[in-house]
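J.: Everything below, folded, please.
(2 chains)
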Amino acid sequence: METILEVKNLAKKFGTFEAVKGVSFAVPKGKIVGLLGPNGAGKTTTIHMLLGITTQTSGNVYYFGKEFEQNRVEILQKVGYVSAFNTLQGRISVWENLLVFARLFQVKDAKKKILDLIDYFEIKEILSKRYWDLSSGQKTRVNLIKAFINDLELVFMDEPTASLDPDIADKTVRFIEEKRRENNMSILYTSHDMEEVTRLCDEVIFLDHGEIFAQDTPLGLTKRIETAILNLTFDGDKGKVEEYLKVEKQDFSFPHQYSVTIKTKEKQIPKLIFGLSEKDIWITDIEVKKPTLEDVFLHIARGEKNVN
Amino acid sequence: MSIKRMLAVLTQEIFITRRSLEVTIDLFFFSTITILGFGLTSVFLTGQIKGASAYYLILGLLLWEIVRVDQYSISVGALWNIWSKNLSNMFVSPLTMTEYIGSLMFSAVAKSLLVFVLLSLITAALFKFNIFSLGLGNLSLFFTNLTLFSWTIGLLLLGLIFMYGTRIQALAWGLIFLFQPLSATFFPVETLPKFIQPIAYLLPTTYVFEAARAAIENPAINWTYFVISFVENLVYLVIGLWLFRLMYRRSKETGQFASNEG
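T.: Alright, predicted model coming up:
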């Protein structure tokens, strides 16, 4: 598969502090790769290095098979960036801002392209407003339009749906999916919304303390956590349930008189259900909560290293 | 280098200038009020002093405004984007730093020319001081040397802002005034204390103001002063570009360039 972005042993030291410790990864054509990690993991520094606004201490970055520093202008013509954390020029209007970026990217038929995107994001009424007068949700949408004003092959999206209401956030995610489908675009995506990441990303890279801690598909990552939560509602003697689960050395609690929550390995679930039935416990409801990407994130953020 | 991308930066400059009361005040209002004050002082002095020296104030100010507006436009031009957290957006596009600086320099020349013409018309109309009587040749050479000097100072300030962030932004307005007395803007160099005079002659601006004062009575071009000033300017500009490059590189190494965006 064609590689759009290749990162080799990228490292960054600020004085004696190692913010990024020699990370290597690739973004294939048409794929969405999530770059996740707790605050301070090194995501932003990595993105800044990949965009050339921070210089790496060591390592190499290649886009479309070409070295970044030597081919910066040609490469950035095909790369977009949208972040919830930086904004456009506040003193001038939305239209003026978008026109400036269309000219920086030398977009053909810029006015039509801007208007089409404005229609999609339903922000026609704010075109003449100064950027600093917009709500944070409106700003995020204008930032998205700025990023997609050009025909891109790769987009960096740093929490693009932060501060959006659920409806617009969903519309944004659909827009990203559409763009990826239409143009076979690659995306490097960061977000703290794990549902969004699971929905969008083909592959996820977890950074922690400047290192790649785990790298897999969202499903592959969740499978690395063996523990699932089993909630049972039962009719019968609570003491028998407690006794059985103690014998089986399970981690459990009783949120109510007739329900039990068991933290167990996924493959143990059938055995536990049958075992309880054999003890004359009538199970009336079963709920299994499988690990999500959020659980993986929390494990990493809390320093629980058993996801590898 | 792409002219189209430079035009995009200039378009943004025009939009900002048009919509910012601060720019109007800093460039036009401040300049006009100052020239009115200096003009009236000159009118008073012409009644007290014989000869060309009564016009030194107004002449010095008219030429000084080229330096101030030029340098202000370069340093503050970038600050507008830093304050808006838009600078990294600009530099994750194909825009290069050379194109950006080139655009700011061009914009600075346009603004200083506009302010200079406006102030010259005011002084001609209200105070009967026509700076164009010095000759277009003289004025073009003065303008060239003053512009080159202010580009150098503007670049150095921009490099410092990139390296240290907005905490040193006050220098963008203030630092240039250090050179006003040192350049003997309003008085002959001999007025300066003896030990400062050699420093004054290290500044290209000093030769411009000296030549301009002499030109009030004799508008012949002082080529010696022009060449000294121009050579000094070229040396300082090369050093300025080198230092700017170092500071820009350093700001990207320390992460300050990206964190200027908040």
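J.: Next, give phi and psi for B:Gly37.
T.: The phi and psi values for B:Gly37, taken as degrees, to the nearest 10, are phi -60, psi -50.
J.: now A:Glu18
T.: Here is the backbone geometry of A:Glu18 (degrees, to the nearest 10): phi -90, psi 100.
J.: Please apply the same query to the one 5 residues further on.
T.: Note on A:Val23: its backbone torsions stand at phi -90, psi 140 [degrees, to the nearest 10].
J.: Need the per-residue pLDDT for whichever residue of chain B sits closest to chain A.
T.: For chain B, the residue closest to chain A is B:Ala8, as judged by Cβ to the nearest Cβ, at 3.4 Å. Using the backbone N, CA and C atoms, a C-beta is placed for each residue, glycine as well. Predicted confidence (pLDDT) for B:Ala8: 95.
J.: got it, and A:Val288?
T.: We have a pLDDT of 87 for A:Val288.
J.: helix/strand/coil for it?
T.: Secondary structure assignment for A:Val288 (DSSP: H, G, I helix; E, B strand; the rest coil): strand.
J.: tally of neighbours for it?
T.: A:Val288 has 13 neighbouring residues, counting by other Cβ atoms under 10 Å in any protein chain shown.
J.: Ok, the one 4 residues further on next?
T.: Counted by other Cβ under 10 Å, the residues lying close to A:Thr292 total 16.
J.: Checking my notes, the residue of chain B closest to chain A in a strand, right?
T.: No - secondary structure of B:Ala8 (three-state DSSP): helix, not part of a strand.
J.: What sits closest to it if chain neighbours are left out?
T.: Sequence neighbours aside, A:Arg103 is the residue nearest to B:Ala8 in space, at 3.4 Å (criterion: Cβ to Cβ, 6 or more residues apart in numbering or on different chains).
J.: Same check on A:Lys21?
T.: Take A:Lys21 and drop its neighbours on the chain: the residue closest to it by Cβ to Cβ, 6+ apart is A:Gly210, 4.3 Å away.
J.: so the one you found makes contact with A:Phe14?
T.: No - using Cβ atoms under 8 Å as the test, A:Gly210 is too far from A:Phe14 to be in contact (10.7 Å).
J.: still on that earlier bit, residue contacts, the residue of chain B closest to chain A?
T.: Listed by Cβ atoms under 8 Å, 6 or more residues apart in numbering or on different chains, the contact set of B:Ala8 reads A:100-101, A:103-104, B:95.
J.: from memory B:Met90 sits against B:Tyr100, does it?
T.: Yes - assessed by Cβ under 8 Å, B:Met90 is found in contact with B:Tyr100 at 7.0 Å.
J.: Look at the residue in chain A positioned nearest to chain B and report its pLDDT.
T.: Of all residues in chain A, A:Arg103 sits closest to chain B, at 3.4 Å by Cβ to the nearest Cβ. Looking at A:Arg103, its pLDDT reads 94.
J.: Is it correct that it is in contact with B:Phe15?
T.: No - assessed by Cβ under 8 Å, A:Arg103 is found out of contact with B:Phe15, at 11.4 Å.
J.: Please identify which of A:Gly210 and A:Phe14 sits among more neighbours.
T.: The neighbour comparison of A:Gly210 against A:Phe14 (other Cβ under 10 Å) goes to A:Gly210, with 24 against 14.
J.: residue contacts, that one?
T.: A:12, A:18-21, A:23, A:41-42, A:45.
J.: try it again with 7 Å
T.: A:Gly210 sits next to A:18-21, A:42 when contact means Cβ atoms under 7 Å, 6 or more residues apart in numbering or on different chains.
J.: Phi first, then psi, for B:Leu202.
T.: Torsion angles at B:Leu202 (phi, psi; degrees, to the nearest 10) stand at phi -80, psi -10.
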